[in-house]
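J.: Predicted model follows, preceded by the sequence.
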Amino acid sequence: MNEFTLYYQPKIEAATGKLSGFEGLMRWIHPKQGLVPPLDFIPIAESTGVIIALEEWALEAACRQLKAWHDAGRMYQLALNLSARHFLSDGVVEKLAQIVKETGVCPNYLTFEITESVGMENQQHVIERFIAFREQGFSISIDDFGTGFSAFVYLKHYPIHEIKIDRQFIQVTDNDTTGNVIVQSIIELARGLGLKTVCEGIETTDQRDTLRSLGCDEMQGYLFSRPLSIDELEMWIEEYDTSKKESLR
């Protein structure tokens, strides 16, 4: 695992602009090729099963960083991707809970993002697995929401905590009335069911302002920051906090 590292992308509260937490993202630093894009290694890791070891490593590394932030009084939330293969594997809930316990992090600060395709088969098994995660104190987010035919079934039947609206809907919000209606409908439905909404892929101030007006809870995207190494992130946090304080004067 020596060639892997975690990058972090900030998540922003839509209503206040406050930094609420981060998504942890795996990166492979190849000794000869340099930074390898996730799309080049994640599918291979999933198909071979190596993804399970990688995601367990990522959780441990993320929890160590989260513990350091919490010890310093910065109570950030952290989200991590969990592959369908890992999510459906035997003993996954117990193993992840053990990792979190050993690092001393409260599980209430962790969210696992799972793509909605995981529920296309064996729905009852998936529901039971979601319940097991919830009983351990973890939150579950349905990632890339809106891209699957059964998307709205999740909201009715699955014990989840939030939905992450797919970027393909976000990136047309500037001047697209139909896209806005779709996003607003998802947000209103989620709110009615007590679910938080996260909009990813935000790149422009128009998208930010539109999504804020539609009632999105959290935002994420290059408008705020690209994924950053921990050293880059600490500098970004300092600059962001300073800019927020100056805007309130």
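T.: The structure has been received and is ready for your questions. Numbering: from 1, shown residues only.
J.: Spit out the contact partners of the closest residue to Y109 other than its chain neighbours.
T.: Spatial nearest neighbour of Y109, excluding adjacent residues (C-beta to C-beta, 6 or more residues apart in numbering): Q77 at 5.4 Å. Just so you know, the C-beta spots here come from the backbone N, C-alpha and C atoms, and that holds for glycine as well. Shown in contact with Q77 (C-beta atoms under 8 Å, 6 or more residues apart in numbering): 11, 20-22, 109-111.
J.: Y76 now?
T.: Neighbouring residues of Y76 by C-beta under 8 Å, 6+ apart: 19-22, 66, 69-70, 109.
J.: ok, how many other residues are close to G17?
T.: By the criterion of other C-beta atoms under 10 Å, G17 has 16 neighbours.
J.: Look up how far F169 lies from it.
T.: 22 Å (C-beta to C-beta, to the nearest Å).
J.: now do H161
T.: Computed as C-beta to C-beta, the H161 to F169 distance reads 20 Å.
J.: what about these two, which has more around it?
T.: Set side by side, H161 and F169 show more neighbours around F169, with 22 against 17, by other C-beta under 10 Å.
J.: Is the more buried one in a helix, a strand, or coil?
T.: Secondary structure, DSSP: H, G, I helix; E, B strand; the rest coil: F169 is helix.
J.: I182 is in contact with that one, correct?
T.: Yes: contact criterion C-beta atoms under 8 Å: F169 and I182 qualify, at 5.7 Å.
J.: quick one, strands of this protein?
T.: 4-13, 19-30, 34-36, 77-81, 110-115, 139-145, 162-165, 196-199, 218-219 (DSSP state E).
J.: could I get the ones you listed as TSV with distance to W57 and mean pLDDT?
T.: Formatted as TSV, those follow (distance: least, C-beta to C-beta, whole Å; pLDDT from 0 to 100):
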stretch	distance to W57	mean pLDDT
strand 4-13	7	96
strand 19-30	9	95
strand 34-36	16	88
strand 77-81	11	97
strand 110-115	15	94
strand 139-145	20	89
strand 162-165	23	92
strand 196-199	25	95
strand 218-219	26	96
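J.: Which of the helices and strands in the chain ranks last by mean pLDDT?
T.: The helix or strand of the chain with the lowest confidence, counting by mean pLDDT, DSSP states H and E, is helix 151-157 at a mean of 68.
J.: bridging residues for the most centrally placed residue in the chain?
T.: When the chain is reduced to its mean C-alpha position, the closest residue under C-alpha atoms, centre = their mean turns out to be A79, at 4.2 Å. Listed beta-bridge partners, A79: E23, T111 (assigned using DSSP bridges).
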